[in-house]
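Asks: Below are the sequence and a predicted model for it; my questions follow.
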Amino acid sequence: MIRYSLLVFGLTVFCVALIWQMGEGEAAQLTDDNPVLWADTSHINVGGSSEVAKPTEKGRDTFFKDVRSLQRTAYNIRSNYMEEVDTEEIIKAGIRGMLEDLDRFSVLMEKSSYDALMESTHGKYEGLGMQIDSRENRIVIISPIEGTPAYKKGLRAGDIIMSIDGTDTKGMTTTDGAKLMRGTAGTSVLLEIQRSGIADVMEFEVERAVIELKSVPYAGVVPGTDIGYVRLSRFAEETSHELREAINKLSSENISGLVFDLRGNGGGLLDQAKETAELFLKEHSEIVFTRGKYEDSERHLYSERPPLFPEKPLVILVNEGTASASEIVAGAVQDWDRGVIMGRTTYGKGLVQQIFPITSDNSLALKLTTARYFVPSGRCIQRPERQGKDAHTDDEEVMTDSIETVEKEVYYTNGGRIVYGGGGIVPDIEVEADFYEPIEINLERKSLFFDFAVDWVSKNPNTEASFTVTDEMVDEFREFIKTRDFDYKTSTQVALEDLTDAVNDEEKLDLFQPVLDSLKGLIAAEKADDFEASRDYIQRAIKREILSSIYGQRGVYEELILKTDPAVIRAIELLSQPNEYSTLITKGKEEASIN
């Protein structure tokens with residue numbers, strides 16, 4: 001049995017070595033016959049074949065010698081360790097160890113992660129069609145997706161799911177809840193729902209269906225203008241199709257310009273990034289190129305068809321969450337002087353990655369960085385400090401300051417405008433980043449706007465989309481959060497707690513107690529002032545959640561984002577002033593001719 005195990009392990013190592021030497025096999029089939037082309041939040045940005053240059057004879061000898069060391073180590077652990085070990089976990093740990101010194105985006109993917117990734121790019125799954133979350137020990141519906149079974153059955157934001165097919169949801173995680181509700185299209189699931197304002201638990205039998213995840217959550221004409229607005233949330237298989245439909249519809253309404261919103265778009269499929277850029281760029285324009293370890297690995301992608309929106313003014317909105325595929329589109333548009341980039345410097349995700357299955361049952365796959373992305377001017381998208389294993393992870397909040405242009409590498413667009421390298425896409429017009437006060441952050445974090453909206457809508461179900469959040473509603477919200485014992489810490493409060501700890505340590509609490517009590521009173525007054533200072537934000541947040549609950553995403557865009565979002569308003573102002581727009585696009589040509 002031991003000899004058999006050793007033989008199997010040896011054959012596995014031999015196969016790995018063969019792939020290393022030949023650069024072919026199952027991994028090559030994945031990229032050549034069935035290409036997986038990504039440019040997404042996980043930095044999966046791959047296209048074309050994965051040719052691997054042959055290492056030198058000395059390099060091969062060293063490699064095989066090192067592989068034998070791995071083989072002996074695994075065999076000795078399996079055979080001689082004092083306790084039974086899980087060999088599968090040992091092998092996975094070994095693979096992770098090999099990846100440890102590479103960039104942070106080269107990782108071992110297990111089946112659940114791989115399936116989730118594929119689902120995000122395919123843009124569809126089988127289930128009920130709603131966003132859920134685990135709150136207060138139960139599964140809560142955040143938002144039914146318009147047109148899905150959940151939406152058609154009348155499930156609402158804020159509904160508490162008490163049970164799923166008889167399984168109590170108390171203590172259930174979001175992942176477990178989703179697993180129970182997903183299943184083969186055409187089958188049904190029974191939900192017990194507790195709704196605010198209704199005493200009895202209600203039963204909903206909902207039939208599962210194929211749920212399409214839209215890349216374009218909203219497209220329309222900005223009210224009171226002839227300017228179009230399109231929001232693109234990700235790059236999946238149907239992205240270019242959805243975008244073409246949206247832009248064709250807007251063009252039929254004779255729009256004079258377009259705001260293309262890529263803020264917070266973490267990326268997606270590379271071919272969809274290419275097809276998106278093709279909507280705006282002249283045929284045969286270079287969109288992006290990749291450069292890897294070997295000189296002959298450089299690969300260029302060009303626009304291969306006439307643009308759908310070729311000449312009218314274009315503003316692309318970006319921010320710190322605009323990444324990868326989104327940066328490819330923004331960078332290509334900027335480099336060809338096709339539009340104005342507005343917002344904040346983008347994230348800086350420019351690593352080409354490829355998926356290599358490493359088990360026959362697809363339970364494990366290797367996501368490996370193979371090259372970097374460059375936009376036509378030669379700028380590398382990848383920000384160097386984002387590459388190491390110790391850099392921020394994707395689920396951490398990303399806040400970057402404006403790039404100091406004096407420290408950046410200078411490049412030139414096709415028309416001679418100066419643009420800056422060093423990672424990310426630097427906008428032509430910068431829009432100040434949103435700054436959130438502690439009270440605002442904590443009200444959002446604790447979902448109190450959402451909870452208030454659920455309660456308010458249950459009492460006012462026929463509210464018009466054009467409603468105004470009155471001072472009385474804000475006061476009602478203030479009373480509502482008191483019933484939830486809402487509290488948060490200000491910077492002054494944190495400093496007071498540190499001072500109190502220091503006084504306690506010195507055993508002088510009696511001496512300082514009057515002063516400490518006085519400071520506590522000042523903090524209470526400070527928090528009352530905080531609420532008033534954030535009143536405008538609170539009004540917008542209340543309106544957002546009420547609109548979302550009654551009218552879905554469309555209501556939020558039409559009644560809030562298009563009317564109050566500072567970046568959208570600035571973009572509309574620019575598109576309404578053709579001379580200012582033209583000056584921004586052409587200013588580099590005169591400078592280039594003078595130089």
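Replies: Right, received. Where do you want to start?
Asks: For the stretch 251-400 of the chain, which segments count as helices?
Replies: 270-278, 325-335 (DSSP state H, counting those that start in this stretch).
Asks: Return the most buried member of those helices.
Replies: For those, the largest average neighbour count (mean count of other Cβ atoms under 10 Å) is found in helix 325-335, namely a mean of 29. Backbone N, C-alpha and C define where each C-beta goes, glycine included.
Asks: what about it, distance to the chain center?
Replies: On the basis of Cα atoms, centre = their mean, to the nearest Å, helix 325-335 sits 17 Å off its chain's mean C-alpha point.
Asks: Okay, domains of this structure per the record?
Replies: 2-36+46-105, 124-212, 218-363+372-432, 438-569 (automatic domain parsing).
Asks: Which of these has the lowest mean pLDDT?
Replies: Mean pLDDT is lowest for domain 2-36+46-105 among the domains of the chain, at a mean of 61.
Asks: Can I get the domains of the chain in CSV including distance to residue 575?
Replies: CSV is the format used below for these (distance: least, Cβ to Cβ, whole Å):
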stretch, distance to residue 575
domain 2-36+46-105, 33
domain 124-212, 28
domain 218-363+372-432, 4
domain 438-569, 11
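Asks: Single out the most deeply packed of the ones you listed.
Replies: domain 218-363+372-432 (a mean of 20).
Asks: What sits closest to residue 336 if chain neighbours are left out?
Replies: Distance criterion Cβ to Cβ, 6 or more residues apart in numbering; nearest residue to residue 336, sequence neighbours excluded, is residue 414 at 5.2 Å.
Asks: wait, doesn't the one you found sit right on residue 337?
Replies: Yes. Residue 414 is within contact range of residue 337, at 5.6 Å (criterion: Cβ atoms under 8 Å).
Asks: Using the three-state scheme, assign residue 132.
Replies: Assigned by DSSP: H, G, I helix; E, B strand; the rest coil, the conformation of residue 132 is strand.
Asks: do residue 97 as well
Replies: Quick answer, by three-state DSSP: residue 97 is helix.
Asks: how close does it get to residue 72?
Replies: Using Cβ to Cβ, to the nearest Å, residue 97 is found at 16 Å from residue 72.
Asks: so what sits against both of residue 414 and residue 337?
Replies: Among the neighbours of residue 414, none is also in contact with residue 337 (Cβ atoms under 8 Å, 6 or more residues apart in numbering).
Asks: All the strands of the stretch 151-300 of the chain, residue numbers only.
Replies: 160-164, 167-168, 188-194, 202-207, 209-212, 218-221, 227-231, 257-261, 268-269, 286-292, 299-302 (DSSP state E, counting those that start in this stretch).
Asks: ok, and what's touching the second one?
Replies: Contact partners of strand 167-168, identified using Cβ under 8 Å, 6+ apart, comprise 162, 180.
Asks: That strand - which strands sit beside it in the sheet, and in what orientation?
Replies: strand 160-164 (antiparallel) (DSSP bridges).
Asks: what's the closest of the strands of the stretch 151-300 of the chain to residue 348?
Replies: Shortest distance between residue 348 and those, using Cβ to Cβ, is found for strand 286-292: 14.7 Å.
Asks: tell me how far the closest one is from the chain's mean position?
Replies: Centroid separation for strand 286-292 versus its chain: 23 Å, with Cα atoms, centre = their mean.
Asks: again with stretch 411-421
Replies: Centroid separation for stretch 411-421 versus its chain: 28 Å, with Cα atoms, centre = their mean.
Asks: Between its first and last residues, how far does that stretch reach?
Replies: Separation of the first and last residues of stretch 411-421 by Cα to Cα, to the nearest Å is 7 Å.
Asks: Quick one: closest of the domains of the chain to residue 578.
Replies: Between the domains of the chain, domain 218-363+372-432 lies closest to residue 578; by Cβ to Cβ that is 7.0 Å.
Asks: if we can go back for a sec, out of the strands of the stretch 151-300 of the chain, which comes closest to residue 439?
Replies: strand 160-164 (26.6 Å).
Asks: unless I'm mixing things up, residue 274 is touching residue 285, no?
Replies: No. Using Cβ under 8 Å as the test, residue 274 is too far from residue 285 to be in contact (10.9 Å).
Asks: Now do the SS call for the residue nearest to residue 336.
Replies: Assigned by three-state DSSP, the conformation of residue 414 is coil.
Asks: show me the contacts for the closest residue to residue 160 other than its chain neighbours.
Replies: Excluding its sequence neighbours, the residue lying closest to residue 160 (Cβ to Cβ, 6+ apart) is residue 194, at 4.3 Å. Contacts were defined as Cβ under 8 Å, 6+ apart; by that measure residue 194 touches 159, 160, 162, 201, 202.
Asks: Next one: residue 194 from residue 331, what distance?
Replies: For residue 194, the distance to residue 331 (Cβ to Cβ) stands at 49 Å.
Asks: follow-up on the earlier one: mind listing the shared neighbours of residue 274 and residue 285?
Replies: Both residue 274 and residue 285 are in contact with residue 303, where contact means Cβ under 8 Å, 6+ apart.
Asks: got the contact list for stretch 495-514?
Replies: With contact meaning Cβ under 8 Å, 6+ apart, stretch 495-514 is reached by 489, 516, 519, 520, 523.
Asks: Just the endpoints, please. Distance across it?
Replies: 17 Å.
Asks: Beyond the helix or strand that contains residue 481, next helix or strand please.
Replies: Using DSSP states H and E, residue 481 sits in helix 471-483. Moving toward the C-terminus from helix 471-483, the next helix or strand (DSSP H and E) is helix 491-505.
Asks: what's the nearest residue to residue 226 if we skip its chain neighbours?
Replies: Spatial nearest neighbour of residue 226, excluding adjacent residues (Cβ to Cβ, 6+ apart): residue 256 at 4.7 Å.
Asks: picking that back up, turn the contacts of stretch 495-514 into a markdown table, columns for distance to residue 232.
Replies: Output for those, formatted as a markdown table (distance: Cβ to Cβ, whole Å):
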| residue | distance to residue 232 |
| --- | --- |
| 489 | 38 |
| 516 | 53 |
| 519 | 49 |
| 520 | 49 |
| 523 | 44 |
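Asks: Farthest-apart pair in those, please.
Replies: Across these, the longest distance by Cβ to Cβ is 15.7 Å; it joins 489 and 516.
Asks: Scan the protein for its longest strand.
Replies: For the chain, the strand that runs over the most residues, judged by DSSP state E, is strand 364-374.
Asks: Might you quantify the distance of that one from its chain's geometric centre?
Replies: 18 Å.
Asks: and which of the contacts of residue 194 is nearest to residue 247?
Replies: For the contacts of residue 194, the closest approach to residue 247 (Cβ to Cβ) belongs to residue 159, at 35.8 Å.
Asks: what residue is smack in the middle of the protein?
Replies: By Cα atoms, centre = their mean, the chain has its centre lying nearest to residue 266, at 4.0 Å.
Asks: That one is in contact with residue 326, isn't it?
Replies: Yes. When contacts are counted by Cβ under 8 Å, residue 266 is listed as touching residue 326 (7.4 Å).
Asks: For the stretch 401-550 of the chain, which segments count as helices?
Replies: Ranges of helices within the stretch 401-550 of the chain are 438-445, 448-459, 471-483, 491-505, 509-533, 535-556, based on DSSP H, counting those that start in this stretch.
Asks: For residue 309, list the residues it contacts.
Replies: 247, 251, 258, 279, 280.
Asks: Select, from the residues you listed, the two members most distant in space.
Replies: Comparing all pairs in the contacts of residue 309 by Cβ to Cβ, the longest separation belongs to 251 and 280, at 12.7 Å.
Asks: so what sits against both of these two?
Replies: With Cβ under 8 Å, 6+ apart, residue 251 and residue 280 have common neighbours 308, 309.
Asks: can you pull out the strands in the stretch 1-150 of the chain?
Replies: Going by DSSP E, counting those that start in this stretch, the stretch 1-150 of the chain shows strands at 38-39, 107-110, 124-127, 130-135, 138-144.
Asks: nearest spatial neighbour of residue 129, skipping sequence neighbours?
Replies: Take residue 129 and drop its neighbours on the chain: the residue closest to it by Cβ to Cβ, 6+ apart is residue 148, 2.4 Å away.
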